[in-house]
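> this one's structure only:
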């Protein structure tokens, strides 16, 4: 049987969990995730975990934060005045939205605190700073 190698397009079923067992994502119940191995389409640790697997093989792997979404960066947490949201907005903790930067890039933000007229926002990926455990099964090498 052939093993998955960089450059192969593969299809994988996965379930991702946090250290406390919380499932944050899964492909079960839908089509397997398809990507080119080694192309950077997925987090580096996920690429590494799939490398060398054979079709039908399953395994569990823990990916440290540094090989997933990186560490949580405090400089990406900042506070703005409620007026920045306009008259119609009512920001709530946990709310996610995108803001357009001056260079036209979109920035994903999460509201982490609402205190009077001060709204604290976090531009880190929601999984930044977390080790991720994946159950993966190589379904197919396309």
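Structure's in. What do you need? Just so you know, these numbers come straight off a predicted model, no measurement behind them.

> If you count neighbours, what's buried in stretch 64-83?
65, 67-69, 82 (16 or more other C-beta atoms under 10 Å). The way it works is simple: take the backbone N, C-alpha and C, and place the C-beta from them, glycine included.

> now this protein, which segments are flagged as low pLDDT?
Filtered on pLDDT under 70, the chain yields the residue ranges 1, 88.

> Now do the most centrally placed residue in it against residue 20, distance only.
Centroid check for the chain by C-alpha atoms, centre = their mean gives residue 127 as the closest residue, at 5.8 Å. Computed as C-beta to C-beta, to the nearest Å, the residue 127 to residue 20 distance reads 13 Å.

> repeat for residue 44
23 Å.

> which one of the two has more residues nearby?
residue 44 (13 against 6; other C-beta atoms under 10 Å).

> show me where this protein has strands.
According to DSSP state E, the chain carries its strands in the segments 9-17, 23-26, 33-36, 58-63, 77-81, 96-100, 106-115, 118-122, 132-141.

> Show me the one of those that comes nearest residue 49.
strand 58-63 (4.2 Å; C-beta to C-beta).

> ok, residues contacting the closest one?
With contact meaning C-beta atoms under 8 Å, 6 or more residues apart in numbering, strand 58-63 is reached by 43, 45-46, 49, 53, 131-138.

> ok, residue 34 to residue 105 distance?
Residue 34 is 27 Å from residue 105, by C-beta to C-beta.

> do residue 117 as well
From residue 117 to residue 105 the distance is 27 Å (C-beta to C-beta).

> Residue 134 and residue 18 touch, don't they?
No - with contact defined as C-beta atoms under 8 Å, residue 134 does not reach residue 18; the gap is 11.1 Å.

> Which of those two has more residues huddled nearby?
A direct count of neighbours by other C-beta under 10 Å for residue 134 and residue 18 places residue 134 higher, at 22 against 13.

> and that one, bridged to which residues?
residue 16, residue 61 (DSSP bridges).

> wait, what's in contact with it?
Neighbours of residue 134 in contact, by C-beta under 8 Å, 6+ apart: 14-17, 46, 49, 60-63.

> Let me have those residues in a markdown table, extended by neighbour count.
Converted to a markdown table, the contacts of residue 134 look like this (neighbours: other C-beta atoms under 10 Å):
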| residue | neighbour count |
| --- | --- |
| 14 | 19 |
| 15 | 16 |
| 16 | 20 |
| 17 | 17 |
| 46 | 23 |
| 49 | 21 |
| 60 | 11 |
| 61 | 15 |
| 62 | 14 |
| 63 | 21 |
